[in-house]
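S.K.: Would you be able to build a 3D model of this:
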Amino acid sequence: MTVGKDVSALFPDVVNCMQTDNLELKKLVYLYLMNYAKNQPDMAIMAVNTFVKDCEDPNPLIRALAVRTMGCIRVDKITEYLCEPLRKCLKDEDPYVRKTAAVCVAKLHDINAQLVEDQGFLDTLKDLISDSNPMVVANAVAALSEIAESHPNSQLLDLNSQTINKLMTALNECTEWGQIFILDSLANYVPKDDREAQSICERVTPRLSHANSGVVLSAVKVLMKFVELLPKDVEYHTTLLKKLAPPLVTLLSAEPELQYVALRNINLIVQKRPEILKHEIKVFFVKYNDPIYVKLEKLDIMIRLASQANITQVLAELKEYATEVDVDFVRKAVRAIGRCAIKVEQSAERCVSTLLDLIQTKVNYVVQEAVVVIKDIFRKYPNKYESIIATLCENLDSLDEPEARAAMIWIVGEYAERIDNADELLESFLEGFHDESTQVQLQLLTAIVKLFLKKPTETQELVQQVLSLATQDSDNPDLRDRGYIYWRLLSTDPVAAKEVVLAEKPLISEETDLLEPTLLEELICHISSLASVYHKPPSAFVEGSRGVATRRLLPARSQSESIESPDLGSQTSHSLSQQPQVIPSQSDLLGDLLNLDLGPPVTVPPGPSTMQTGAYDLLGGGLDSLMGEEGEVLGGDIGGTSAMSGGLGGPAVMPSSLGPPAGGGLGDLYELAGGIGMPTGTYVPPKSVWLPAVKAKGLDIQGTFARRQSQICLELLLSNKALQAMADFAIQFNKNSFGLVPASPLQVHAPLMPNQSIEFSIPLNTLGPVMKMDPLNNLQVAIKNNIDVFYFSCLVPINILFVEDGKMDRQVFLATWKDIPNENELQFQIKECSLNADAVSNRLQNNNIFTIAKRNVEGQDMLYQSLKLTNGIWVLAELRIQPGNANYTLSLKCRAPEVSQFVHQAYDSILKS
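M.R.: I've put the predicted structure just below:
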């Protein structure tokens, strides 16, 4: 069995050996059962009685072995028999049995989650956190953490001060793996104040001196999170940061593989808190026998730690590295010299001098890398080092790599007025224009246009030649578009062309390769895991079959103010850390509503549909640009004409080479779904009570939202349950995520008498102010009458925001799906839905979710769909339907992944309506 032979035929005979008293033989029998039970589930039932009997054996090793094996046999028929023995083992007198049973609960939960919840095993598992044995505590924490990962919103591991104390006590006595489990769970705890945070840090700090590198990194993760909560002016804050340096340095004395993992984690720590290792730069100097992957990582960290205080040492090291024999390492070292020049201004002159010395070596790849970084230095320090251009031009013929050629072309174009033969130099590149890479072609086009604007009389023929090559002889849509834009600018308004092409360049930033702040915060929370090695969030490389994992961020240092409303009480909104968002951040929940003059809404004149303030065109100025360089693969000259379509000075002549898109290529993977009918009616949720009469002085408000004939409507039912008439009604919305506002006033012509109800529909538009809400579809409403002003919140079903022009072209869909990063793809389950693929497609199309294509893969129907929200956000979907299976799998891709969960809710509601 262990050498790959199939011995499943011996199953009945092996099961008969289970009755043996020999422990070693019993272990082998149990190992056999774990391997073959899933292939012969009916025969595996024969072993149940022995399992149950062994769970009551006087030997704790046999009891633990039995419950462990039953947990590993993933056969439903055996699972139901496991419950009673498992319950007994969870309360066994022997800690070895209890710790084994704790892990078994997590395995059973993976097989049948509902059974575990019904049998109350989760509560028993929580009780084990208070166990007297540290290993039982560690395994209970590990099991609960594992279960919580598959149910992010369940709050299973609900930590509090009392529980934390128990975990800290167990931390000192359990094994290495146990310590890691406990430290990882501590990292998810949010202390109630800075005193508790300091107390936890003090008790975790001894783990930094542990011999196991996994324990050390887990302890570093806890301390890196909790140091955010400590006041900076406290002495302990500085002391703690100093204590983090020695263990990190010690990790670099391990074997190369462990060094690499440590260096990837240190890279994150240095980006977040460079002061921790600012005095330890020498430990990152490269050793001659380091593997290349360790060398490159050390080099990266060395540059991040470079400062005015240590730049002399760093430059001496880098110059030495540039003479090594390892080509990749030399390239990185030369680039590092350029990064030092940009980062430490005082060292720029020395860096440039060092680069010139390296260029004089005439080593081809050294010269090319030096040219690339000198271009960046020119950008950072304009009009300072241009005297070296002559030296660069002498090495023009040795440049054969696209990036180096593009950098040299940029330098020639940017400083054409200082180079006497700039036109000859650029013309030499033009001779092999079609053989150059796209990067070089684009740079050459821009450089020649710059040259023409600086020396128009001498280079007219040259600019016509390059524009002709770019627009008429090129198949690349990016190059063609840029060529047409330049051509149109130069032919209609040369002054404007000069302002655009020769505009002052913004200075490049010191650190162009830093991780985006929110991603860095998330990765700090995953130190000592694969995410910290890949520098990607777990969702980017772990299959999301269990739903959407909770995103971890570092705790905020300050708390926000609370805002009081007479009817809603006090609400607290936590301050959000600054991060890129699709919609502006929510700064105030009810502040705008509480000070409103609730008159009739101002009518906004109808105008062309544009993006709302604060929202962005997530497909970047039209879908054509998404086709990029894949135009040929996806069928002909796709999307190459967007720049010609008016607005730049009259119609442009379309070259004969620009025909309609051809078929074939990747598009033929799909078969278009036929027979999709016209919309017959959209899904409208039933009315719900938004504000009961007891909270609104007798006014009962029920409502829902609908979309009918492209119009969003708010449908209200107002009931007067007071003893007096109500009149003078008005309605107003707070700023919201999608800019929803009433398009007409709330018109109640006659007073609403006691015990009367009135029903009406208010048209809405999306031209109002935008502010990100939490949740995203939250809408805060104020209704005024002659008695008072009443405030309430309701949730907008996102399907009313799906617009009618949300159907993408097939090839655009393919290109867009590829263009959206994989980490933006989220997967959901739609359960208990019995519609076939055609019925699903019809029902969704009625709600502006359009099926682009349909295909059948291994008996599964795959629907590829697109939809567009009112603010221009596109959502792409893949819906998998297995005939006979009532559960569908929905994968959503979107530039703004925060909308995906609401789109999933819309799918679920529409398909079950």
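S.K.: From now on I want contacts and neighbour counts done on CA atoms only, so please keep to that.
M.R.: Will do.
S.K.: What segments of the stretch 751-900 of the chain are helices?
M.R.: Assigned helices in the stretch 751-900 of the chain, in chain order: 810-819, 837-845, 900-911 (criterion: DSSP state H, counting those that start in this stretch).
S.K.: by contact count, what packs against the first one?
M.R.: Meaning helix 810-819. strand 850-857 (3 or more CA pairs under 8 Å, 6 or more residues apart in numbering; DSSP states H and E).
S.K.: The strand it packs on packs against which elements?
M.R.: Against strand 850-857 (3+ CA pairs under 8 Å, 6+ apart) you get helix 810-819, helix 837-845, strand 860-868.
S.K.: now the ones you listed in a markdown table, with mean pLDDT, mean neighbour count and distance to His151?
M.R.: Shown next, in a markdown table, are the helices and strands packed on strand 850-857 (pLDDT from 0 to 100; neighbours: other CA atoms under 10 Å; distance: least, CA to CA, whole Å):
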| stretch | mean pLDDT | mean neighbour count | distance to His151 |
| --- | --- | --- | --- |
| helix 810-819 | 88 | 19 | 28 |
| helix 837-845 | 89 | 21 | 28 |
| strand 860-868 | 90 | 22 | 27 |
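S.K.: closest one to Leu392 among these?
M.R.: The closest of the helices and strands packed on strand 850-857 to Leu392 is helix 810-819. By CA to CA, the value is 36.7 Å.
S.K.: Export only the CA atoms of that closest one, formatted as CSV.
M.R.: What follows is helix 810-819, C-alpha atoms only, in CSV (Å, rounded to 0.1, in the frame of the first residue of the first chain):
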residue,chain,number,x,y,z
ARG,A,810,-17.9,38.6,-26.3
GLN,A,811,-14.3,39.5,-27.1
VAL,A,812,-14.3,42.5,-24.7
PHE,A,813,-15.6,40.1,-22.0
LEU,A,814,-12.7,37.8,-22.5
ALA,A,815,-10.1,40.6,-22.4
THR,A,816,-11.7,42.2,-19.4
TRP,A,817,-11.9,38.9,-17.5
LYS,A,818,-8.1,38.4,-18.1
ASP,A,819,-7.4,42.1,-17.2
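S.K.: and the angle for that helix with strand 850-857?
M.R.: Between the axes of helix 810-819 and strand 850-857, defined by axes from the mean of the first three to the mean of the last three CA atoms, to 10 degrees, the angle is 80 degrees.
S.K.: between the helices of the stretch 751-900 of the chain, which gets nearest to Asp700?
M.R.: Each of these has some distance to Asp700 by CA to CA; the shortest is helix 900-911, at 25.7 Å.
S.K.: Render the CA-only coordinates of the closest one in CSV, please.
M.R.: In CSV, the C-alpha atoms belonging to helix 900-911 read as follows (Å, rounded to 0.1, in the frame of the first residue of the first chain):
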residue,chain,number,x,y,z
SER,A,900,-19.5,41.3,-5.3
GLN,A,901,-21.2,40.1,-2.1
PHE,A,902,-24.2,42.3,-2.9
VAL,A,903,-24.4,41.1,-6.5
HIS,A,904,-24.4,37.6,-5.1
GLN,A,905,-27.3,38.5,-2.9
ALA,A,906,-29.1,39.8,-6.0
TYR,A,907,-28.5,36.6,-7.9
ASP,A,908,-29.8,34.6,-5.0
SER,A,909,-33.0,36.7,-4.6
ILE,A,910,-33.7,36.8,-8.3
LEU,A,911,-33.3,33.1,-8.9
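S.K.: re earlier: among the helices of the stretch 751-900 of the chain, which comes closest to Arg63?
M.R.: Ranking these by distance to Arg63, with CA to CA as the measure, places helix 900-911 first at 44.4 Å.
S.K.: Buried ones in the closest one, by neighbour count?
M.R.: 900, 902-904, 906-911 (16 or more other CA atoms under 10 Å).
S.K.: cool, stretch 49-60 as well?
M.R.: For stretch 49-60, a neighbour-count test (16+ other CA under 10 Å) marks 51-52, 54-56, 60 as buried.
S.K.: and if you look at stretch 10-20?
M.R.: Result for stretch 10-20 [16+ other CA under 10 Å]: buried residues 11, 15, 18.
S.K.: can you list the residues you listed in CSV and add secondary structure?
M.R.: Converted to CSV, the buried residues of stretch 10-20 look like this (DSSP: H, G, I helix; E, B strand; the rest coil):
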residue, secondary structure
Phe11, helix
Val15, helix
Met18, helix
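S.K.: Specify which member of the residues you listed is nearest to Pro477.
M.R.: Set against Pro477, the nearest of those by CA to CA is Phe11 (64.3 Å).
S.K.: mind checking how far that closest one is from Val48?
M.R.: Separation of Phe11 from Val48 (CA to CA, to the nearest Å): 14 Å.
S.K.: Once you drop chain neighbours, what's closest to Leu425?
M.R.: In space, and not counting its chain neighbours, Leu425 is closest to Val412: 7.9 Å by CA to CA, 6 or more residues apart in numbering.
S.K.: For Arg87, give its distance to Phe51.
M.R.: 14 Å.
S.K.: follow-up on the earlier one: turn the buried residues of stretch 10-20 into a markdown table, columns for pLDDT and distance to Gly768.
M.R.: Listed next are the buried residues of stretch 10-20 as a markdown table, based on pLDDT from 0 to 100; distance: CA to CA, whole Å:
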| residue | pLDDT | distance to Gly768 |
| --- | --- | --- |
| Phe11 | 70 | 71 |
| Val15 | 72 | 72 |
| Met18 | 73 | 73 |
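S.K.: follow-up on the earlier one: and the buried residues of helix 900-911, which is closest to Thr518?
M.R.: For the buried residues of helix 900-911, the nearest to Thr518 is Ser900 (19.0 Å; CA to CA).
S.K.: Identify the residues contacting the closest one.
M.R.: Shown in contact with Ser900 (CA atoms under 8 Å, 6 or more residues apart in numbering): 826, 875, 892-894.
S.K.: 10 Å instead, please
M.R.: Residues in contact with Ser900 (CA atoms under 10 Å, 6 or more residues apart in numbering) are 824-828, 875-877, 891-894, 906.
S.K.: when you check these against the strands, which ones overlap?
M.R.: Among these, DSSP state E puts 825-828, 875-877, 891-894 in strands.
S.K.: Out of the residues you listed, the closest to Leu507 would be?
M.R.: Cys894 (31.8 Å).
S.K.: just checking, that closest one touches Lys818?
M.R.: No. Assessed by CA atoms under 10 Å, Cys894 is found out of contact with Lys818, at 11.1 Å.
S.K.: List the buried residues in stretch 160-170.
M.R.: Those buried within stretch 160-170 under the rule 16+ other CA under 10 Å are 164, 166-168, 170.
S.K.: hmm, back to that, please convert the buried residues of stretch 10-20 to TSV, extending it with distance to Ile508.
M.R.: Putting those into TSV (distance: CA to CA, whole Å) gives the following:
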residue	distance to Ile508
Phe11	69
Val15	71
Met18	72
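S.K.: what number of residues lie near the residue nearest to Leu90 when sequence neighbours are not counted?
M.R.: Leaving aside its chain neighbours, Leu90 sits nearest to Arg98 (4.9 Å; criterion: CA to CA, 6+ apart). For Arg98, the count of nearby residues is 30 (other CA atoms under 10 Å).
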